Each structure stands twice: as structure tokens, then as C-alpha cells.
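Novice: I'd like to go over a predicted model; first the sequence, then the structure.
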Protein chains: 2
Amino acid sequence: MSAFSDAACGCPVGSIGEDLPAPSKALYPPAGERRRIDGLLTEELLDAVARTESGPTVPDFDREKFEAGLKAFDFASPKRLEDVLMWTIEQMLHGIVHVNHPRYFGLFNPAPAFPAQCADRIAAAFNPQLASAVTSPAATAIEAHTIAAVAKRAGLPPQTSGHFTSGGSEANYTAVICALTQSCAGYSEAGARAFSGAPAFYVSRESHLAWVKIAHQAGIGRSAVRLIGTDGGGRMDPQLLAQAIRSDRESGHIPFMIAATAGTTNAGAIDPLTECAAIARAEGLWYHIDAAWGGAAIASARLRPLLAGIELADSVTIDAHKWFAATMGCGMFLTAQPAILPAAFHVSASYMPPRGAMPDPYVNSAQWSRRFSGLRLFLSLAAGGWDAYARHVEKSVALAAYLAGKLKQSGWTVVNEPSLAVLCALPPAGKNDVRSIVTNVLASGRAWVSAANFEGREVLRACVTHGETTEEDVDELVYALEAAQALAQ
Amino acid sequence: MSAFSDAACGCPVGSIGEDLPAPSKALYPPAGERRRIDGLLTEELLDAVARTESGPTVPDFDREKFEAGLKAFDFASPKRLEDVLMWTIEQMLHGIVHVNHPRYFGLFNPAPAFPAQCADRIAAAFNPQLASAVTSPAATAIEAHTIAAVAKRAGLPPQTSGHFTSGGSEANYTAVICALTQSCAGYSEAGARAFSGAPAFYVSRESHLAWVKIAHQAGIGRSAVRLIGTDGGGRMDPQLLAQAIRSDRESGHIPFMIAATAGTTNAGAIDPLTECAAIARAEGLWYHIDAAWGGAAIASARLRPLLAGIELADSVTIDAHKWFAATMGCGMFLTAQPAILPAAFHVSASYMPPRGAMPDPYVNSAQWSRRFSGLRLFLSLAAGGWDAYARHVEKSVALAAYLAGKLKQSGWTVVNEPSLAVLCALPPAGKNDVRSIVTNVLASGRAWVSAANFEGREVLRACVTHGETTEEDVDELVYALEAAQALAQ
């Protein structure tokens, strides 16, 4: 072993042998310890999640105590993993909004489906690298199979391709890159400067405003986003859309994409997908549909008609980590123009394994090294079938309708058409403002709702996001709202 | 409940009551079933990972059998979760390269540390939304604490801020967006067209070529990437760098960033960080360091000097999912210019919770909804302390040096200075080409190595990535290489 004191190797650690550091048992504990800790986590997580259901929906967060605890983690010396895990679970119990609470009527953050949690364990244990199909043939094929099933269920054409993303922002961003690459031959090499005028794309003013960040990130600038007026019900107005495109062309701008929303964040509204498709076709624009949340309605034969027109899209965003109840970090990008993906993301690197028969994710998507995130949706679909998701989304929609009825009885005015599971409402006349009511509900810890701005008005926003929410939970929300109004008087 | 047949609600699901769908037990099984399945996973995953160590490093993949099995998942009807999990684990055993194998001398995909796997379970169970600090105060604070500790260990200034990313590509991409936003007041609103000439940035020709994709995605085009020549040892040549900047300025291009690499993929080479910093300073350019893999050397007092100059960077990429052995999907972006993050990523959306005292990740980073990925590094650091990682990286480096010595004894020529844990070597004179040797090693299943192109030559590339690799594993690799050479004659 003295060979390794060979100075020519340039190694500052020098020789090994008696002084080769032992593998860290903290990072790589023996099997028995792993078994024990995993068993402990099983019990503690079950217990913790059960406790959240009977506790408040909002964090009862003692920041001072938390900060003191956190400060103790200076990483100067090892701590028992078990203690660190128990501390962390305790902070999760008190320091986050509980999406596992059946009265979390919140943003689209789901109570995670159990098969998706199992997928996280398998992906973490084997840690496959999803950059390369040659390296991870089974994992990439399972993802491709899942994407194909979703595309088929959405009615997209058979050639549709796609991939899993970190979330809706990356998927919508991918749509912009694909649309720019498609619309201008010079974009790939020379960027936005290759366009003969400033590029522009069209979304409704009720769309998810990540679009503004995305335009910045794509090098076309925030001013490229056209926020098209809506029809009073949260849906893009096709006439205003057509006008905006005309006006942009007249002033030398370069329209390149229409992005309709199927399930707005504020109100669950669905843009007129077919009319928008016709305008995109007539104008020669890329047609994207952001169905990040609403896309899960494809699971239900009864709800699927609401998404009519989705099959006309050049690309679609659907997040598995929203209404499909996967754990966070699981979006999807689908495109009916699969040739655009290698055009947008191709690259050649000598150290990557030679290409095989299956397309490699790293030359067809924005990420390079990537987690096996698609397994989450695969396992949930495999365990439940489409039928489990059909019942899941139908139940949400039915409960939102139930809530609408209860709110009306309680004097509220429902201002959107809750065709999906988001409801926007105005308080009874003479009652205090929405933000005060929301603040009081959150302070009570009895439910989680939010204030939002829908069609220019401040409204109460409530979404049925948890698969186990009951009518009794909805009743309790209504009682909490009544109490909150009384307090806000 | 007849109230809910109220047609005014616009709900196509109609009334509920007796026909409210039950929550899907497949998606939300009862606690007893979760306990049973989690226990099963604990045993099966332990067993599977143990089995990989005695099996081949490469997939012994029967594609036909796999495809037939996969095809059966048409999601038309539910399947027992247990069966689906067992099928999946079986496919992982045979259908991916095994990074858990101690003779995986591969790309930077780590054998995942156990605390990181525990973090994945906790993040999956509570599923916190990392977009908002108000929604998830404990989770965002734990991430911020971890980022601050890494920044401090790297010697970055106290104001350094940052966040977790999906990986190195997103972090490097974030650097480009920050640098563009900083260098041109009009970029945010008008994009790349606001520059008075075509923007350009500088990386070495041995850098990770995700830069080319990133330039496309950032709207400045692939031609914005300048691949600067190297010094024969895989390091950017500062003279060529300065020349390229001069020449670009003369021709009307707009230099905006230098991105040095600290630990190239091919060879683990570290660009001259201090010289590059001086050039960036003199030229008024953003200075980024891509230490996606090599950055973990900050853990070791003995290796840290190799990264001297990292403290001068405006921004740094370090992937926790490389040498820090976190599970996939865990990168980091750090910046000593924290004001640039809200400048690049600000946005306002009425439905988001009101801003609190802590910065919200969604207005300071590219993603919006995000997983609690930073917990993985936090738990590993908490359980092991910096010392566990110091020993982890020192052991890798020592074993790489040991391998260098063994290869030399076996007639190979080591062509890089393996100052970190990647080794590039040429076979003994008269022996067959590298790709044939690599193919034969992979076919033997005894180890995983790859071919790469280093400084214009095809070389064998071997990296010590697994924390439990031993000298005997290195010996076995050398025997496997000798057998592979004999076969390739």
C-alpha cells in the first residue's frame, strides 16, 4: 500500500492503508440499525399524521423554541439519528400547514396518496439516475408507460411524448422553450435576438402568474406575457385573445404561443379550450394547456367533458403532485409534437452512456440528473386503477358543490361556477372583509381556507384537496366561517 | 342533502348524499394496512439492496419479460399494492445500474446515505409545500439553516443566500438568469433583446455541457457558450479565457459571466478558481463556480485548500445528490449577491399567503411548488456532523489514489491528476481500445466504469462514488480490467 504515497498522483490525502478512513456509520449504518430506524419511522409517522387530524390545521409554531432547537444543529459533532428524526417530526407537527388535515381546504397541495409515498421509498433506496435510459432502462420505461397512459386518457394523439418535471412551473417553462424553438429557426442558436420583433404569448389574467417568472427565465422578458381579459367567470375571453394577437402583429411583436388554463388557481375555471385551439391553429401559434391541477379530471368519464379541447393541444401540463395526490415534486409535460423535445434539449457529452433504443431523458427535457419521480403516479395508478382517481376527483367536486350549497344557506354568495373543486364566495352583506374572516378561521385552527382575488374581487377561496374529507368536515368549515364572521364584526 | 342537486352550482356530478364516492382505499389505506406495507418495504428494500451487492453492477435486464410485465399495467382495474411493489422492486433489481454496488465506479450518482432516505419518508408523509415560508415555516427555516451552514463551510461571505434545486442543471441555470439580470437592466422586462449585442459566457471545454442546453433555455442561444481551451490537465486556461473575452468585446458581443468548474465530470479537474475570479472582477463579470460534485470537498480540512477561490464567487452550485450522497433531486444554488434572487424571480399572486418575515422560496428561485428536499442534507449533516462527510470525501480520494497506483502497476497510464476522486487512464500500449475494455467490464458485471473523452483522448474513467467501497473492491476492479483487456485482444 505504500505505492499510494506516490507523490505523482497529486493527492493531498497521501497514502492510505492503516489510515484509510472507515465508512461513516452515520451515513451508512448497518442493516440492523436501518431496520430499527425504519420501523420507528413507520410508527412515528403514522402516529404523527393521525395526530395532525385532531390538531389545528395551521402551525401552532413557537418560533423562539424552534430557532433555539435549530441553532443546536451546528454540525460540529454527530447526533443520534433517532433523536434528530424525532426532533424533525416534532417540528413538522407544529411548524407547517397540515395538508394531511381533512379540513385543509387549501391550495392544490394534496394529502399524499400512500402508494406515492411507497414510491418515494423505493426511489430513494435504489436511487436510479433518470438521465439515461441505458443506465436505468426499467425506470425510464415505467415513466414512459405512465406518461403514455395519461396522454391516452387525455385523448392526446398516439405520438404524444413527454416526461416528469419538478412541477408545473418547469412543465410550463418547457412549453415556452418548445414553442420558441418551434416558432423561430434561429432561437436555438441565437436566442430571443433571432426573432424579428419581441416575442409575445397569451394567457388569461386569471392564469398562474408563474408565467411572468417563466418569461423572464426564458430570455424573452416579463413584457412578453399578455394577460388576456376574462369573461367574468375566470375564463379567457377568445375575442379579447384574438384582438390582442392582431394588435401585437400590427405593432411588430411576434406572437408564438397561446397557453389556456384548465383549472385556474383562484377559481378552478377552465378557459374555452376549443375556441382557443381554433385561434392558435388559425394564427399558427403553439397551443399549450396548463392543466396542472384540473388535468386529473381526465380520470373521470363524468368530468372529462369539462376538458373537451385538451386533445387539440400541442402540449399540456399536468401535475401528479396536485389532484393526483402524488408527493411534492412530480409534474408532467406532454407534447403531441415529440420532435420538438430533442430540438430543444439535445446535447452531446462524451461521458454519458452511449444512446440505446429508448430516448434518454437528459436530451429530451430540461433537467439532467433526475429522480425517479414518475414511479409515484405509476404505483398509485397501478394500485387503484383509473377508477380510484375517478372516484377521487368526483368526490372532491361533489363536496365542493355541497359546500356551495351550505355557504348559500349561510348567506354567502358563490361567485364562480365551481365546475371543478374550487369555490370562490363573498361573505353575507354587511359582514366584515374576507381577509379578516380568513384570519379568524386560521386562528381557530378549525380549517384552512384562503383569500384570493377573483375577477377583481376579494373572495374566500376553498378547495377540496384531501381525499378523505367528509361532509362533516365541510359542515365544520361552515361553522368555523360563521364563528369567524361573528368575531370579525 | 337534496340542497346539492341545486343546478345553479353548475356541477356536472350533480347531487351527493347516498352516492358520494367513498375515499379510495387504494390511495388512502387505513393505518393498519400502511403499517403492514411499510414493514414489508423495510424488509424487502433491505434485502434487495443487500442482494445488489453480490450481483452484477449492470442490469441483467430481460427487456421482453419486463415489457410483458409492464404491459399488464393498463390501469383498467386495481391491483394489490403489495404485488405492485414486489414487481417494482424486482424490476429495480434487474433493470437499473446499481449505484448501491460498492464496485460502481461511475458517474457521480451516489449510494444514497441512510439519513437522506429517512428525510424522503418524512417529506413524503407530511408533504410540506416549500413555496411559502408562511405555509411551511419550520421546513423553510431548516433548509435556510442548511444552506447557511454550507455557505459558511465554503467560506462564502455571511450575507450568502440560496436554495435547494432539482439538481445542478437548475442551479447552473439559475446562475445564468441571475448573471443576465444583474448585467443588463432591461433583461428582466425585455429579455435578451435588451442587450446591445449578443450575450456570451465562458466555461471550459471540459465543463458539464448542460451549459449548452441552459443557454438555449435562457433565451440567449447555444452560441452564447464559449468553450475555453484547457491546460492539458482539464483546467480552464486563464490566458485563453482573457483572450476570448477581449475578442468578444471587440466583435460587439456582451460578456456577462465566467463559470469555472470545481470538479469536472470527465476528470474531477478544478479550474484555477482564483485566477478566474480575478479576470471576472477585472472585467466586471458575474463569477459562478460549478462545484456540483467537487463542492463536497469543503467538508474536509485537508481537501478544502483544493477549492481555494470558491469564496470569491458570486454564486456556486453544489449538489447534495452527488458527493454528499443525498438521494436524487437535491441540488443547491448559493449566491453572495442575495438581492439578485428576488430581482430574478419576483412575482405577485393574490392567492399566495401574505409574505411573512422569512423570504418565500417561490419569489427567490425558479420553482414554485417544491418538495422539502433540503431535509436530506440537513439530516445527514445532523447525524454525522461535518466530520462524517470529511471522512467520506477523504476516503474516496484515498481510494482513487490507491486505484491510480494499482493501475500503474498493471501498465495503465493515469492521465489526469486525480486530486479529487475521478481517475482517467489509458490502457497499456498495444492493448485494445478503451470502449472495448469498458464493454467487457460491464459485460462481466464485476464493476461499472465508463469511457470518457479527456483532453481530446478517449480514456477509462473511474470514480469512487460509494461510501462503502473498500480496497478489495478496487483490487477487483483492476482484475476485471485485466480480464477485459485479455478478452479485447
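Specialist: Arrived safely, thanks for sending.
Novice: strands of the stretch 151-300 of chain A, residue ranges please.
Specialist: A:161-165, A:199-204, A:225-228, A:254-261, A:286-290 (DSSP state E, counting those that start in this stretch).
Novice: which one of those lies nearest to A:Arg461?
Specialist: strand A:254-261 (15.5 Å; Cβ to Cβ). For every residue, glycine as well, the C-beta is placed using N, CA and C.
Novice: still on that earlier bit, could you dump the strands of the stretch 151-300 of chain A to CSV with distance to chain B?
Specialist: As requested, the strands of the stretch 151-300 of chain A are exported to CSV (distance: least, Cβ to the nearest Cβ, whole Å):
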stretch, distance to chain B
strand A:161-165, 9
strand A:199-204, 8
strand A:225-228, 10
strand A:254-261, 11
strand A:286-290, 12
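Novice: mean neighbour count for those - can I get that in CSV?
Specialist: Output for the strands of the stretch 151-300 of chain A, formatted as CSV (neighbours: other Cβ atoms under 10 Å in any protein chain shown):
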stretch, mean neighbour count
strand A:161-165, 27
strand A:199-204, 27
strand A:225-228, 20
strand A:254-261, 27
strand A:286-290, 28
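Novice: so which of the ones you listed comes closest to A:Ile147?
Specialist: A:Ile147 lies closest, by Cβ to Cβ, to one member of the strands of the stretch 151-300 of chain A: strand A:161-165, at 4.7 Å.
Novice: ok, that closest one: who's next to it in the sheet?
Specialist: Each strand paired with strand A:161-165, and its direction, by DSSP bridges: strand A:331-335 (antiparallel).
Novice: got TSV for the strands of the stretch 151-300 of chain A, with mean pLDDT and distance to B:Gly385 too?
Specialist: Formatted as TSV, the strands of the stretch 151-300 of chain A follow (pLDDT from 0 to 100; distance: least, Cβ to Cβ, whole Å):
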stretch	mean pLDDT	distance to B:Gly385
strand A:161-165	98	34
strand A:199-204	98	48
strand A:225-228	98	47
strand A:254-261	98	48
strand A:286-290	98	44
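Novice: any chance of those in TSV, plus distance to B:Leu156?
Specialist: Listed next are the strands of the stretch 151-300 of chain A as TSV, based on distance: least, Cβ to Cβ, whole Å:
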stretch	distance to B:Leu156
strand A:161-165	30
strand A:199-204	36
strand A:225-228	34
strand A:254-261	38
strand A:286-290	37
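Novice: out of these, which is closest to B:Arg391?
Specialist: strand A:161-165 (35.0 Å).
Novice: just the residues contacting the closest one, thanks.
Specialist: If you take Cβ atoms under 8 Å, 6 or more residues apart in numbering or on different chains as the criterion, strand A:161-165 is touched by A:130, A:143, A:147, A:151, A:171, A:174, A:320, A:330-335, A:338, A:341, A:359, A:361, A:364-367, A:370, A:373-374.
Novice: and that strand, how far out from the chain's middle?
Specialist: In terms of Cα atoms, centre = their mean, to the nearest Å, the centre of strand A:161-165 is found 13 Å from the chain centre.
Novice: low pLDDT regions in chain A?
Specialist: A:1-18, A:431-432, A:489 (pLDDT under 70).
Novice: show me what residue of it gets nearest to chain B.
Specialist: As assessed by Cβ to the nearest Cβ, chain B sits closest to A:Gly219 within chain A, at 1.6 Å.
Novice: how many other residues sit next to that residue?
Specialist: A:Gly219: 34 surrounding residues under other Cβ atoms under 10 Å in any protein chain shown.
Novice: that one reaches B:Ala224, doesn't it?
Specialist: No. Taking contacts as Cβ atoms under 8 Å, A:Gly219 lies outside contact range of B:Ala224: 9.7 Å.
Novice: who touches both of the two?
Specialist: A:Gly191.
Novice: what's the closest of the strands of the stretch 151-300 of chain A to B:Asp47?
Specialist: Per Cβ to Cβ, nearest to B:Asp47 of the strands of the stretch 151-300 of chain A: strand A:161-165, 27.7 Å.
Novice: name the helices or strands packed onto the host helix or strand of A:Val397?
Specialist: Element membership for A:Val397, per DSSP states H and E: helix A:375-409. In this structure, helix A:375-409 packs against helix A:114-126, helix A:137-153, strand A:413-414, strand A:422-426, strand A:457-463, helix A:471-488, helix B:81-95, with contacts taken as 3 or more Cβ pairs under 8 Å, 6 or more residues apart in numbering or on different chains; DSSP states H and E.
Novice: just put those in CSV and tack on mean neighbour count and distance to B:Val449.
Specialist: Converted to CSV, these look like this (neighbours: other Cβ atoms under 10 Å in any protein chain shown; distance: least, Cβ to Cβ, whole Å):
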stretch, mean neighbour count, distance to B:Val449
helix A:114-126, 26, 20
helix A:137-153, 22, 19
strand A:413-414, 18, 64
strand A:422-426, 26, 53
strand A:457-463, 24, 51
helix A:471-488, 18, 56
helix B:81-95, 19, 20
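Novice: what would the ones you listed look like in TSV with distance to A:Arg246?
Specialist: Shown next, in TSV, are those (distance: least, Cβ to Cβ, whole Å):
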stretch	distance to A:Arg246
helix A:114-126	45
helix A:137-153	33
strand A:413-414	35
strand A:422-426	32
strand A:457-463	30
helix A:471-488	45
helix B:81-95	52
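Novice: now the end-to-end length of stretch A:356-373.
Specialist: 22 Å (Cα to Cα, to the nearest Å).
Novice: again with stretch A:48-59
Specialist: Using Cα to Cα, first and last residues of stretch A:48-59 are 14 Å apart.
Novice: so that stretch, near chain B or not?
Specialist: Yes. Applying Cβ under 8 Å from any Cβ of the partner chain, one finds stretch A:48-59 in contact with chain B at A:48-50, A:59.
Novice: verify the stated contact: A:Ala447 with A:Thr57.
Specialist: Yes. Judged on Cβ under 8 Å, A:Ala447 makes contact with A:Thr57 at a distance of 5.8 Å.
Novice: joint contacts of these two?
Specialist: A:103-104.
Novice: residues contacting A:Glu33?
Specialist: A:Lys25.
Novice: residues contacting the closest residue to A:Ser166 other than its chain neighbours?
Specialist: Leaving aside its chain neighbours, A:Ser166 sits nearest to B:Ser166 (4.5 Å; criterion: Cβ to Cβ, 6 or more residues apart in numbering or on different chains). For B:Ser166, the contact set (Cβ under 8 Å, 6+ apart) comprises A:166, A:170, A:329, A:367, A:370-371, B:329, B:331, B:367.
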